[in-house]
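Enquirer: Let me see the structure of the following:
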Amino acid sequence: MSFNFRRFQLNSLRAPWTLFKKELLRFWRVSFQTVAAPVMTALLYLLIFSHVLEAHVQVYPGVGYTAFLIPGLMMMSLLQNAFANSSSSLIQSKVMGNIVFLLLTPLSYLELFLAFLAASIIRGLVVGLSIYLVAMLFIDLPITHPWLILAFAVLGSGLLGAFGVIAGIWAEKFDQMAAFQNFIIMPLTFLSGVFYSIHSLPPFWQQVSHLNPFFYMIDGFRYGFFGKGDIAPEISLSVVAISFFTISWLTLSLLKSGYKLRG
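Expert: Next comes the predicted model:
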């Protein structure tokens with residue numbers, strides 16, 4: 001009997017592909033909540049902050065405050081929604097008791113991780129792109145380094161998607177999951193330079209900002225649009241890549257051990 005390598009490949013990919021599609025459909029079927037709502041929130045931030053500060057703040061020469069603000073809002077929403085996609089899926093399965101059906105599948109821990117990760121990246125990119133398209137109705141935003149924009153968007157959403165898996169594994173109730181969002185994700189996002197340049201901060205707080213990985217994601221992403229940033233994009237990309245692989249390794253270790261997933 002001859003061995004059909006192509007059929008073996010298709011069969012081996014069917015299970016993770018099915019989980020990936022399920023995760024995509026899960027957020028897309030409620031796109032009014034998962035996509036439209038973040039876009040509306042970002043638009044409100046844009047309208048309020050740009051109206052108040054456009055005439056008074058200029059961070060980079062030749063770049064208006066509204067233009068400066070848009071990439072920050074895009075990345076902020078992208079990160080938050082990538083985290084929400086994987087974390088909400090796992091906590092819902094655990095609370096509803098159907099996590100057992102996922103664990104009984106022939107999926108390996110690596111396939112589980114890749115399916116959740118890919119779906120989180122897609123949701124993050126969809127939200128970020130939607131905000132960009134809506135923002136273009138108000139201002140023409142330049143794109144200087146498109147590959148940098150894509151690299152930071154994919155790595156950033158992947159990092160938060162992996163962290164969302166960790167949060168979903170650890171949390172046992174919805175309020176524990178909310179604690180991750182309210183006391184970790186939200187503060188790190190708002191204190192990362194979304195609304196300001198860290199050079200406007202006192203020296204001590206500038207140093208503190210350099211300890212925040214979200215700062216490197218947002219500054220590098222913004223550099224892709226304007227070719228200007230608070231730090232060299234090579235440094236930002238290195239920090240984000242190292243953070244992504246570190247969090248991914250930790251996530252894979254937890255999935256492999258079955259921590260808080262297998263009784």
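
Enquirer: and residue 109, how many neighbours?
Expert: Look at residue 109: counted by other C-beta atoms under 10 Å, it has 16 neighbours. Yep, even glycine has a C-beta here, placed from its N, CA and C like the rest.

Enquirer: Now do it, the pLDDT please.
Expert: pLDDT recorded at residue 109 is 89.

Enquirer: So it sits against residue 253, correct?
Expert: No. With contact defined as C-beta atoms under 8 Å, residue 109 does not count as touching residue 253 (9.1 Å).

Enquirer: Check the gap between residue 92 and residue 191 for me.
Expert: Noted for residue 92: a distance of 29 Å to residue 191, by C-beta to C-beta, to the nearest Å.

Enquirer: Return the set of buried residues in stretch 32-46.
Expert: For stretch 32-46, the neighbour count (16 or more other C-beta atoms under 10 Å) marks 34-35, 38-39, 42-43, 45-46 as buried.

Enquirer: What of stretch 120-138?
Expert: 120-128, 130-132, 135.

Enquirer: swap in stretch 217-232?
Expert: Neighbour counts over stretch 217-232 (16+ other C-beta under 10 Å) mark 217-226, 228-231 as buried.

Enquirer: distance between it and the chain's centre?
Expert: Mean C-alpha position of stretch 217-232 versus that of the full chain (C-alpha atoms, centre = their mean, to the nearest Å) differs by 17 Å.

Enquirer: quick revisit: residue 92 and residue 191 - which one has more neighbours?
Expert: Shown here are residue 92 and residue 191; by other C-beta under 10 Å, residue 191 has more neighbours (18 against 15).

Enquirer: show me the contacts for the more buried one.
Expert: By C-beta atoms under 8 Å, 6 or more residues apart in numbering, the contact list for residue 191 reads 209, 212, 214.

Enquirer: The first one and residue 108: what is the separation?
Expert: Going back to what we said before, that points to residue 209. From residue 209 over to residue 108 (counting by C-beta to C-beta), the distance is 39 Å.

Enquirer: picking up where we left off before, quick one: which of the buried residues of stretch 217-232 sit in strands?
Expert: In strands, defined here by DSSP state E, there are no members of the buried residues of stretch 217-232.

Enquirer: In contact with the residue nearest to residue 229 when sequence neighbours are not counted, which residues?
Expert: Closest residue to residue 229 apart from its sequence neighbours, by C-beta to C-beta, 6 or more residues apart in numbering: residue 223 at 3.8 Å. Residues counted as contacts of residue 223 (C-beta under 8 Å, 6+ apart) are 144-145, 148, 229, 233, 236.
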